[in-house]
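Participant: What shape does this take:
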Amino acid sequence: MTRGFIILLFSLLLNASHAQQPKLMSDSHAMEFEIKRCMQALKTCMLGKDSAGMDALLADGLTYGHSNGWIQTKLDLIRSVMSGEQDYKRIEPRSMQIRIHGDAAVVNVESLVALDFRGEFMELDMDILLVWVKMNGNWKLIARQSVKNS
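Facilitator: I've put the predicted structure just below:
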């Protein structure tokens, strides 16, 4: 009877470990979906000049790097978008790769961006790196850096 009990216990443990694997995969897919939703929300907020939405998506310690080397804080970025200094007209992501690492996500995206910057129209083809971190249950953008495609 003891041998039968051990076999039964082993079978249950083996089944339990297999049952958790699909859940882990679906958790990863769910997190990728959340990041895609955040990326879309940030795009919508920047195009629509939604300061409250941007405030909710951006981490307080944000470093927002531009392809010209200019670095903005969260407050700098929100003020610049709201004042029209950075007036985004179009943000068109072409390809996106998301890698989840615990409570952090690294996003690489190729994007076409059109904006008026200090009154000058610019159309940029860029590679952008964004780092999102889950803070108190919400994804926040903590870092962004872009480079122009040649």
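Participant: Test my guess that residue 63 contacts residue 144.
Facilitator: Yes - using Cβ atoms under 8 Å, residue 63 is in contact with residue 144, at 7.5 Å. Every residue, glycine included, has its C-beta placed from N, CA and C.
Participant: So residue 42: helix, strand or coil?
Facilitator: Under DSSP: H, G, I helix; E, B strand; the rest coil, the three-state class of residue 42 is helix.
Participant: so who does it touch?
Facilitator: Going by Cβ atoms under 8 Å, 6 or more residues apart in numbering, residue 42 touches 54, 57, 141.
Participant: Show me what the host helix or strand of residue 96 is in contact with.
Facilitator: Under the criterion of DSSP states H and E, residue 96 resides in strand 86-101. Strand 86-101 is contacted by residues 28, 31-32, 35-36, 39, 43, 46-47, 77, 80-81, 105-117 when judged by Cβ under 8 Å, 6+ apart.
Participant: strand partners of that strand, parallel vs antiparallel please.
Facilitator: In the sheet, strand 86-101 lines up against strand 104-117 (antiparallel) (DSSP bridges).
Participant: now the strand it pairs with: how far from the chain's centre is it?
Facilitator: Put simply, strand 104-117 sits 10 Å off its chain's centre (Cα atoms, centre = their mean, to the nearest Å).
Participant: Which positions in that strand come out as buried?
Facilitator: 105, 107, 109, 111, 113, 115, 117 (16 or more other Cβ atoms under 10 Å).
Participant: immediately after that strand, which helix or strand?
Facilitator: Note on strand 104-117: by DSSP H and E, the next helix or strand toward the C-terminus is strand 120-135.
Participant: model confidence over that following strand, on average?
Facilitator: Strand 120-135 carries an average pLDDT of 97.
Participant: what sits up against that strand?
Facilitator: Contact with strand 120-135 is made by 35, 38-39, 59, 67, 103-116, 139-149, as judged by Cβ under 8 Å, 6+ apart.
Participant: Can you list the strands that that strand pairs with?
Facilitator: Here strand 120-135 is paired, per DSSP bridges, with strand 104-117 (antiparallel), strand 138-148 (antiparallel).
Participant: rewinding a little: would you convert the buried residues of strand 104-117 into TSV that also reports pLDDT and distance to residue 73?
Facilitator: Below are the buried residues of strand 104-117 laid out as TSV (pLDDT from 0 to 100; distance: Cβ to Cβ, whole Å):
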residue	pLDDT	distance to residue 73
105	97	21
107	98	20
109	98	22
111	97	22
113	96	20
115	96	19
117	94	18
